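> turn this into a structure:
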Amino acid sequence: MPSFRLELEILGARPGVAPPAVLDTLLGFFVAEGLHVDAHDLDVVAGTARLYVRFVVPESNDSEEDADAFVIADAARKAVDAVAVP
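Next up is the predicted model:
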């Protein structure tokens, strides 16, 4: 199964959103889409929070897998943008 990594820098949670909800939102997106998450992590680099998710897309061919991963990553970023400041 082809695995991809998404990294998002987060400056902070939006008003009224608890910081842990940002990672929960990201992971919830993958669950709602029925996608498998191999691993996830939260780190702080130079004072900026970074969320990491390694996820799997359905197996097909390289170009379709790459295209699927880009679409998924963009949708995941949009889901997080609703609760966090990128």
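> pull the number of nearby residues for Ala69.
Close neighbours of Ala69, defined as other Cβ atoms under 10 Å, add up to 18. C-betas here are computed from N, CA, C, even on glycine.
> where's the nearest residue to it once chain neighbours are set aside relative to Phe55, distance?
Spatial nearest neighbour of Ala69, chain neighbours left out: Phe4 (4.1 Å); criterion: Cβ to Cβ, 6 or more residues apart in numbering. Distance of Phe4 to Phe55, given as Cβ to Cβ, to the nearest Å: 6 Å.
> can you read off the pLDDT for Met1?
At Met1, the pLDDT value in this model is 78.
> measure stretch 56-69 end to end?
8 Å (Cα to Cα, to the nearest Å).
> more neighbours, Phe4 and Phe55?
Under the neighbour definition other Cβ under 10 Å, Phe4 and Phe55 were set side by side, and Phe55 has more, 24 against 17.
> residues in contact with Ala82?
By Cβ atoms under 8 Å, 6 or more residues apart in numbering, the contact list for Ala82 reads 14, 25.
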